[in-house]
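>>> let's see this in three dimensions:
(2 chains)
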Amino acid sequence: MRPFLYQRVASVADAVAAAAPSGQPASLTSAPVQFLAGGTTLLDLMKLDVMQPQTLVDINDVRRGDPHIVRRGDALYIGAETRMAEAADHPDLQRDYPVVVQTLDLAASPQIRNMATLGGNVLQRTRCSYFRDPSWSACNKRNPGSGCAALDGINRKHAVLGVSDQCIASYVGDFAQALIALDAVVEIAGPGGIRLLPFAQLHRAPGDTPQIETILAPGDLITGFVLPVAPWTRRSVYVKVRDRESYEFALASAAVVLDMADDGTVKGARIALGGVATKPWRAKGAEGALAGKRIDQSSARAAAEIAFAGAQTRDGNAYKPELGKRTLVRALLQASQMSI
Amino acid sequence: MTPDGLYSRRLLLASTATAVMAVPALGCAQDRPAAQAAIPIADPRAAVSVELVVNNQKRRLAIDPRTTLLDALREHLGLTGAKKGCDHGQCGACTVLVDKVRVLGCLTLAAAVRGPVTTIEGLAPGDGALHSMQQAFIDKDAFQCGYCTPGQILSAVGCVNEGHAESEADIREHMSGNLCRCAAYPHIVAAVVAAKGSMKG
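Numbers count the residues shown, from 1 in each chain, chains lettered A, B, ... in the order given. Purely as a prediction, here's the structure:
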């Protein structure tokens, strides 16, 4: 690991000031100053020499003592400093937001869930082997313009949605899919103050600039998430399919939140897909196809076909569209059959 | 060289770095250039002064900021119970308790630790008896080579304290962050089941 300066800050303002850019533009991930919260992604990637910050700003004292999860008017506010385990064990979330708790419980290991914050979780970086191993020179995400070794390499776990000819690395998180399916809002503190943004707009597809993964700029700090409070959030599930039953990333996953009318038809469906896309993926077309319908095998399958209509596969991941469709069908059927 | 031998020289360096590092803690926009200018002056190779409470003992160290909690325990404090397996947060051999919560020593910076640390060396109550989880691992033959065992035991204590040892399936799920190359998993689950009844707090 390369040497770095370590400093602690005690407030959001101090954190933003410490990380705001000093002149030279940089993408968030290559900025010389990085925030240290749980450290489970950052220190791992620093040991691998994939990330090379010059300064770590430890934000673990920021907002300490406040309630991390609190009702604010018609919304539920979750502080970004909340640890994954704390959120997963929270009674309000367990009762009203099953999809949130399931995405957290099915992710990582207990130790990592005790350490990792929700803010860091949504920014966790891909597990593409070529990205994580600097002995491979070709990685546009790690070294812009160098090419992509995964295109014709071992790409069994890579994305089929939102890909470009520059990068096919999967977004591997789970919690982000719950946030998208709940229409959550992300709160961001930056040099210009606090701003709110639909969470679905936080991440960017790789396009020609895979090194730019979010709309965040250096100095921006995710401070919280805002969830809607409504009865339909209880009708929500996360289905995650992976190589082993625990402590593994998704090959395909689906977060589904359904608002259903009394007659059993869909008033509103929200669908986010994981493991198959380059960013937390909202399946808008599939959502629209379900409006006004009853959910059964045939309507769910039709929606899943739409969700994966644009899939682009490589040699190793040609199985993923079918797996992704079946995963979504299962999630839709499960959600529709819940008694809330 | 002992940690104490390093102490005086590195503390001097650390206090210099601390003085510089205090500058960026400013909130106003016009202060930002000054705060940024301070960063290149500080020496990232300077040691930082770290105070840890490990197994109820206060320990002061002057260490490289890169030092993980795992390396601080093993290399600077002589506590080699926590093991270095993968060093990337994948195997759980380095599991220790911080504030009674199980974490990975290899992905924790020693300088960033706030709460008291418990390692396998400090788990037993101190009256000569083993912690009930240690005793259960012996009674149930829950290890073969033993390399993962300190991490398994601390993780198991955390698992029970978190309330995630309600069934064998629950235990298997909530012990999945600790790999055992000898595959002693069935006996590990049996040990957690045996110990949880006698563990209180």
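>>> so residue A:222, which of the three states?
Counting by DSSP: H, G, I helix; E, B strand; the rest coil, the backbone at residue A:222 sits in strand.
>>> which residue is the nearest non-sequential neighbour of it?
Using C-beta to C-beta, 6 or more residues apart in numbering or on different chains and skipping residues adjacent in sequence, the residue nearest residue A:222 is residue A:119, 4.1 Å away. Using the backbone N, CA and C atoms, a C-beta is placed for each residue, glycine as well.
>>> quick check, that neighbour in a helix?
Yes. Counting by three-state DSSP, residue A:119 falls inside a helix.
>>> number of residues surrounding it?
24 (other C-beta atoms under 10 Å in any protein chain shown).
>>> now residue A:315
11.
>>> ok, whichever residue of chain B sits closest to chain A - contacts?
Distance from chain A to each residue of chain B (C-beta to the nearest C-beta) is smallest for residue B:177, at 2.6 Å. Contact analysis of residue B:177 by C-beta atoms under 8 Å, 6 or more residues apart in numbering or on different chains lists A:108-112, A:247, B:92, B:95, B:155.
>>> what about residue B:129, how many residues close to it?
For residue B:129, using other C-beta under 10 Å, the count is 10.
>>> now do residue A:317
24.
>>> ok, residue A:112 - contacts?
Residue A:112 neighbours (C-beta under 8 Å, 6+ apart): A:38, A:40, A:84, B:89, B:104, B:107, B:177.
>>> what about 10 Å?
A:38, A:40-41, A:83-85, A:121, A:247, B:89-90, B:92, B:103-104, B:107, B:177 (C-beta atoms under 10 Å, 6 or more residues apart in numbering or on different chains).
>>> just to revisit the earlier point, the residue nearest to residue A:222 against residue A:80, yeah?
Yes. Using C-beta atoms under 10 Å, residue A:119 is in contact with residue A:80, at 3.0 Å.
>>> give me the common contacts of those two.
With C-beta under 10 Å, 6+ apart, residue A:119 and residue A:80 have common neighbours A:37, A:59, A:186-188, A:221-225.
>>> where along the stretch 51-200 of chain A do the helices fall?
Assigned by DSSP state H, counting those that start in this stretch, the helices in the stretch 51-200 of chain A fall at A:84-88, A:91-96, A:98-105, A:110-115, A:118-122, A:129-132, A:175-181.
>>> any idea which of these is most buried?
The highest average neighbour count among those, using mean count of other C-beta atoms under 10 Å in any protein chain shown, belongs to helix A:175-181 at a mean of 29.
>>> do it and chain B meet?
No. Applying C-beta under 10 Å from any C-beta of the partner chain, one finds helix A:175-181 separated from chain B by no less than 17.4 Å.
>>> report the distance from stretch A:116-126 to the chain centre.
7 Å (C-alpha atoms, centre = their mean, to the nearest Å).
>>> where does chain A get nearest to chain B, residue-wise?
residue A:109 (2.6 Å).
>>> follow-up on the earlier one: make JSON lines out of the helices of the stretch 51-200 of chain A and add mean pLDDT and distance to residue A:280.
Listed next are the helices of the stretch 51-200 of chain A as JSON lines, based on pLDDT from 0 to 100; distance: least, C-beta to C-beta, whole Å:
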{"stretch": "helix A:84-88", "mean pLDDT": "97", "distance to residue A:280": "16"}
{"stretch": "helix A:91-96", "mean pLDDT": "97", "distance to residue A:280": "19"}
{"stretch": "helix A:98-105", "mean pLDDT": "98", "distance to residue A:280": "11"}
{"stretch": "helix A:110-115", "mean pLDDT": "98", "distance to residue A:280": "19"}
{"stretch": "helix A:118-122", "mean pLDDT": "98", "distance to residue A:280": "8"}
{"stretch": "helix A:129-132", "mean pLDDT": "98", "distance to residue A:280": "18"}
{"stretch": "helix A:175-181", "mean pLDDT": "98", "distance to residue A:280": "4"}
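>>> what about residue B:96, neighbour count?
Counted with other C-beta under 10 Å, residue B:96 comes out at 30.
>>> cool, the one 3 residues further on as well?
Residues contacting residue B:99 under the criterion other C-beta under 10 Å number 12.
>>> OK, contacts around it?
Contacts of residue B:99 by C-beta under 10 Å, 6+ apart are A:114, B:113-118.
>>> compare these and tell me which is most surrounded.
residue B:117 (27 neighbours).
>>> and of the contacts of residue B:177, the nearest to residue A:31?
Comparing the contacts of residue B:177 against residue A:31 with C-beta to C-beta places residue A:112 closest, at 23.8 Å.
>>> any idea how far the closest one is from residue A:213?
20 Å (C-beta to C-beta, to the nearest Å).
>>> swap in residue A:105?
Residue A:105 is 25 Å from residue A:213, by C-beta to C-beta.
>>> right, so of the helices of the stretch 51-200 of chain A, which gets closest to residue B:59?
Nearest of these (C-beta to C-beta): helix A:110-115, 21.6 Å.
>>> and residue A:59, how many neighbours does it have?
Residue A:59: 26 neighbours (other C-beta under 10 Å).
>>> contact partners for it?
Applying C-beta under 10 Å, 6+ apart, the residues near residue A:59 are A:8-12, A:14-15, A:18-19, A:35-37, A:80-81, A:117, A:119-120, A:221, A:223.
>>> all good on my end, thank you.
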